[in-house]
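J.: Sequence and computational prediction follow.
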Amino acid sequence: MDFELTKEQKDIKQAASDFAEGEFDKDLAMQLEKEHAFPRAIWKKACELGFVGMHFPEEYGGQGLGVFENALVVEEFCRRDSGIGTALALCDFASEILMRHGTKGQKERFLAAIASGRMISAGCFTEPNHGSDITMMDTTAVRDGDEWVVNGTKTFITNGCIADCFIVLCQTDPAAKPGYRGQSLILVEKGAAGIEAAEVGDKMGIRMTSTAEVSFASVRVPAANLIGEEGKGFYHVLEFFDESRAEIAATAVGIAQGAFDRALDYAKQREQFGQRLADFQVTQHKIADMATMIDAARLLTYRAAWNFDRGKIDPKLTSMAKYYAGRAAVAVTDEAVQILGGYGYILEYEVERFYRDAKITEIYEGTKEIQKNTIAGTFIKKK
């Protein structure tokens, strides 16, 4: 078993780090944070340099790389800045469903546009009445001649107010038993009559990322906008989650590492009671715990991404990666704030923002409780 990155992977990791160091300006980040604004100029540059959609096939604007390489980029971006990094990591959200199940025409039109910075994508799965339970869908899509008519409401939709295309999980067969066997994915473009999006309101963290409620009122789209097989939408989304949870885990690892870097630097410089904070045993123990959690989370995340790239679907492993990396991010950022003390509570010192941005990694893409259910379910066989 080789734990060493390849030369290409090391180069990708370094390139991502260099880009983030050069573009993720601290003052700009604070401004974007206060304005709840998406880092559009940085996103455009990231797309131009191939950091977005690098796992897409080359014929659709990507580099033909894998989930692993994508995770390396996400980690470095979030390490430099939790807000900007998360926004860039999610700008192509759910596009993997198009990549794996879309028609050739859908891929040519949308994947290339997403990779080049002409489009932002959104996945519409969560509903107000069902939350993490996607086995139940109130949103419907009814076939009417050569069109689908979509009705319903989705909530907590990443990129909801800035997306150019929406991948919507709908109930297309209300008679299906169980219901999820009658779900399908429908592609809806921005500007379609009957679609509305509104921000959910002020959030604790990830304030540079749009999180919206999206409603569909008799939205008509061509029948050709069906993604994958009719009645297989639920299964297509589950496969996507297995991939995206590795990316969210990488986000968590990057946030944890970024907070650790800042706390360690502060501990080495700050003096109290005649010595550096880093010289106190209590601080050293904190540093040891933080570093160990980060490395364990990183190894689990890398393994999950590596495994997926080899065509192995293992929900247990990706759930472990997301669950533990999210837990590590929250614990490490909490200790980073503690090490900085009063300064850790101030926006200018960044760790309080990393702390706020870390918490969402335990919630979206399935809460930590959902991840535990998935993990335990593989050991406790249900009849």
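T.: That came in fine, so what should we check first? Numbers count the residues shown, from 1 in each chain.
J.: The residue of the chain most remote from its centre and Arg353, how far apart?
T.: Among residues of the chain, the one most distant from the C-alpha centroid is Gly274; the distance is 43.7 Å, by Cα atoms, centre = their mean. Separation of Gly274 from Arg353 (Cβ to Cβ, to the nearest Å): 31 Å. Bear in mind the C-beta positions are built from the backbone N, C-alpha and C, glycine included.
J.: same deal with His285?
T.: His285 sits 25 Å away from Arg353, going by Cβ to Cβ.
J.: of those two, who's got more company?
T.: Arg353 (24 against 10; other Cβ atoms under 10 Å).
J.: pLDDT score for that one?
T.: Here, the pLDDT recorded for Arg353 equals 97.
J.: residues touching it, list them.
T.: By Cβ atoms under 8 Å, 6 or more residues apart in numbering, the contact set of Arg353 is Glu33, Ser82, Gly83, Gly205, Leu347.
J.: May I ask which helix or strand encompasses it?
T.: Assigned by DSSP states H and E, Arg353 belongs to helix 351-359.
J.: again, but for Cys170
T.: Assigned by DSSP H and E, Cys170 belongs to strand 165-171.
J.: which element follows that strand toward the C-terminus?
T.: On the C-terminal side of strand 165-171, the closest following helix or strand by DSSP H and E is strand 183-189.
J.: just checking, what packs against that following strand?
T.: Applying 3 or more Cβ pairs under 8 Å, 6 or more residues apart in numbering; DSSP states H and E, we find strand 183-189 packed against helix 95-101, strand 147-158, strand 165-171, strand 211-222, strand 226-227, helix 233-269.
J.: List the contacts of it.
T.: Residues from elsewhere that reach strand 183-189, judged by Cβ under 8 Å, 6+ apart: 97-98, 101-102, 106, 110, 137, 141, 148, 150, 164-172, 176, 195, 216, 219, 221, 225-234, 236-237.
J.: Just the buried residues of it, please?
T.: Within strand 183-189, the residues that count as buried by 16 or more other Cβ atoms under 10 Å are Gln183, Ser184, Leu185, Ile186, Leu187, Val188, Glu189.
J.: same deal with stretch 108-125?
T.: Those would be 109-115, 117, 119-125, for stretch 108-125 by 16+ other Cβ under 10 Å.
J.: and Ile313, how many neighbours does it have?
T.: 12.
J.: tell me the secondary structure for it?
T.: Following DSSP: H, G, I helix; E, B strand; the rest coil, Ile313 is assigned to coil.
J.: show me what contacts it?
T.: Contacts for Ile313 (Cβ under 8 Å, 6+ apart) come out as Glu239, Asp242.
J.: What does it show for phi and psi?
T.: Reported as degrees, to the nearest 10, the phi and psi values for Ile313 are phi -90, psi 110.
J.: Can you check the pLDDT for it?
T.: Note on Ile313: pLDDT of 86.
J.: how far away is it from Asp242?
T.: Ile313 sits 6 Å away from Asp242, going by Cβ to Cβ.
J.: what do you get for Ala197?
T.: Separation of Ala197 from Asp242 (Cβ to Cβ): 27 Å.
J.: name the element Leu340 belongs to?
T.: Using DSSP H and E, Leu340 sits within helix 315-340.
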